[in-house]
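K.L.:
Have a look; sequence and predicted model below, questions after that.
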Amino acid sequence: PGAPCRTAAMARVKLYRLSETGQWDDRGTGHVSMEYLESSKALGLVVMSEEAHTNCLLVHKIYAEDIYQKQGADTIIMWTDPDLKTDLALSFQEAEGCNYIWTQM
């Protein structure tokens with residue numbers, strides 16, 4: 001038995017948050033998926049830590065406003081989170097995962 005198959009629906013990412021000093025802080029590595037968020041009755045991004053699968057690194061409601069940008073070689077999605085009032089970025093291991101999440105947003 002080999003490693004479990006990873007689909008684009010659970011893309012491997014690093015989560016970054018822009019600090020007050022203008023530095024990108026690594027908030028952890030995990031897998032991102034699009035989920036229906038019961039609390040906000042909307043679709044959202046959920047990043048679960050790959051070290052502790054019960055540790056949620058990010059729950060972000062998708063906004064209709066055009067706050068998202070794709071950068072890098074189609075491997076980074078950045079945005080300013082209206083609730084957290086800070087910039088966040090997901091750096092994808094593979095462009096395929098980034099493009100899949102981008103089209104779902």
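P.N.:
That came through, no problem.
K.L.:
Do a quick rundown of the strands in this protein.
P.N.:
Assignment of strands within the chain using DSSP state E yields the ranges 11-18, 24-37, 42-49, 56-61, 68-71, 76-81, 86-92.
K.L.:
Residue nearest the middle of the chain, spatially speaking?
P.N.:
The chain has residue 90 as the residue nearest its centroid, 4.6 Å off, counting by C-alpha atoms, centre = their mean.
K.L.:
if I look at it, how far off is residue 38?
P.N.:
In this view, residue 90 and residue 38 are 22 Å apart by C-beta to C-beta, to the nearest Å. For the C-beta atoms, the positions are set from N, CA and C on the backbone; glycine is no exception.
K.L.:
And residue 97, by the same measure?
P.N.:
From residue 97 across to residue 38, the span is 25 Å (C-beta to C-beta).
K.L.:
what about these two, which has more around it?
P.N.:
A side-by-side neighbour count of residue 97 and residue 38, using other C-beta atoms under 10 Å, places residue 97 first with 23 against 7.
K.L.:
Quick one: residues contacting the more buried one.
P.N.:
Residue 97 sits next to 8, 11, 12, 13, 32 when contact means C-beta atoms under 8 Å, 6 or more residues apart in numbering.
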